[in-house]
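Novice: what follows is a predicted protein model with its sequence.
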Amino acid sequence: MRKKCLTAESAESAEGAGVFLLFLRVLGELRGKKMKGMMMRKPPVLLSACLLVAGTALPAHADGERFDVRNPGYQSECAACHVAYPPQLLSAASWRAVMDGLPKHFGSDASLDPAAHAEILRYLEANAGRRDTTAAGKPQLRITETRWFVREHSEDLPRDVWKRPAVKSAANCAACHTAADKGDFSERTLRLPKGVQK
Amino acid sequence: MRIFAGLFLLALASTAVFAQTPADFLAGYSQEAKQANPGHGEPSAQRGQRFFTALHGQEWSCASCHTRNPAAAGKHAVTGKLIEPLAPAANAARFSRTAKVEKWFKRNCNDVLGRTCTAQEKGDVLAYLLTLK
């Protein structure tokens, strides 16, 4: 439990005080683990415990989930059409399947030249999630169909939420996760658009 | 000193060759279109606008993502992602790099027409985009 809260805070604490850096370094390894683990929910009790442990040097927001999506090739090629989905949200096998199908990428031609293709695939594989994202023996291609995604979005949302005009598609993370383009899926940046509340 | 001066000139010359403006692209498409079809006239903004807003046998037109006003920001037809304006007057980064321009023409024409665009079509579209302020 403790691991979880400390690592969530470490994601942003690079701005923090100097003494804290050493602390951070120890946590580095845990952080990596945590990003891949994709633990989304943190009970409030845990949060306050974290704040107590860490003290006031920390930024106020210790909630939620942040990913590093700052890869230049990934940004320029993939994020032109959609949010730079965190590589951690699919397995390496799924990313390979996605990258194999780029000329017909969910109905769009997203083909890449060989150099960009190789570079981006390397980035995705290196940062892929460890969670298994296969269904019926095949790697899943859509993050939004993974068991994890479905579970995360099953509560407190109207059934037709993805069809609402303000959302358009489940692929449009930024409709609610307002900092999704920066890999920030924390509660702090989560705002349901008008008319989506239950 | 000589070497520096030489390098400087070389750098100047190479930017002259590689820096691309929308006008360079327009001239290139026009020339290519005439080579393909000697009877072909100059690029037409009117034809370009029709091409841009029409469906071509598939689900989308160019305007599905770039809107009917490409001087304003667009929105990806599937994902809703914001797309910066396409008209060079509204977005100076447009039509400045061959690799980028050709990559998107290839992808987008494939999505909208199920084939690559001809030089004439590209010239027409660009002529249209250049009339937007």
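Specialist: Everything's here; your move. On a predicted model such as this, the values are computed, not experimentally measured, just so you know.
Novice: just checking, residue B:125 touches residue B:62?
Specialist: Yes: the pair residue B:125 / residue B:62 is scored as a contact, 7.3 Å apart, by Cβ atoms under 8 Å. Where you see a C-beta, it was placed from the backbone N, CA and C, and this is true even at glycine.
Novice: hey, what's in contact with both of those two?
Specialist: By Cβ atoms under 8 Å, 6 or more residues apart in numbering or on different chains, residue B:125 and residue B:62 have these common neighbours: B:51, B:52.
Novice: got the contact list for stretch A:190-198?
Specialist: Here stretch A:190-198 has contacts from A:64, A:156, A:157, A:158, A:161, A:164, A:166, A:167, A:175, A:176, A:177, A:178, using Cβ under 8 Å, 6+ apart.
Novice: got it, and stretch A:167-183?
Specialist: By Cβ under 8 Å, 6+ apart, stretch A:167-183 touches A:66-70, A:79, A:82-86, A:142, A:144, A:153, A:161-162, A:166, A:184-186, A:189-193, A:196, B:78-81.
Novice: tell me the mean pLDDT over it?
Specialist: Taken as a whole, stretch A:167-183 has a mean pLDDT of 92.
Novice: buried residues of that stretch, list them for me.
Specialist: A:167-177, A:179-183 (16 or more other Cβ atoms under 10 Å in any protein chain shown).
Novice: please apply the same query to stretch B:114-130.
Specialist: B:117-130.
Novice: give me the helices and strands touching the helix or strand residue B:24 falls within, please.
Specialist: Using DSSP states H and E, residue B:24 maps to helix B:22-36. On a contact count with 3 or more Cβ pairs under 8 Å, 6 or more residues apart in numbering or on different chains; DSSP states H and E, helix B:22-36 meets helix B:119-131.
Novice: tell me how far the helix it packs on is from the chain's mean position?
Specialist: The chain centroid and the centroid of helix B:119-131 are separated by 7 Å under Cα atoms, centre = their mean, to the nearest Å.
Novice: pull the residues that contact it.
Specialist: By Cβ under 8 Å, 6+ apart, helix B:119-131 touches B:22, B:25-26, B:29-30, B:32-33, B:36-37, B:40, B:42-49, B:51-52, B:62, B:70, B:86-89, B:94-95, B:105, B:109, B:117.
Novice: which among the residues you listed end up buried?
Specialist: Buried among the contacts of helix B:119-131 (16+ other Cβ under 10 Å): B:22, B:25-26, B:29-30, B:32-33, B:40, B:43, B:45, B:47-49, B:51-52, B:62, B:70, B:86-88, B:94-95, B:105, B:109, B:117.
Novice: follow-up on the earlier one: skip ahead from the helix holding residue B:24 and say which helix or strand is next.
Specialist: Next along the chain after helix B:22-36, taking DSSP H and E as the criterion, comes helix B:45-53.
Novice: give me the residues contacting that following helix.
Specialist: Contacts of helix B:45-53 (Cβ under 8 Å, 6+ apart): B:61-63, B:66, B:68, B:70, B:121, B:123-131.
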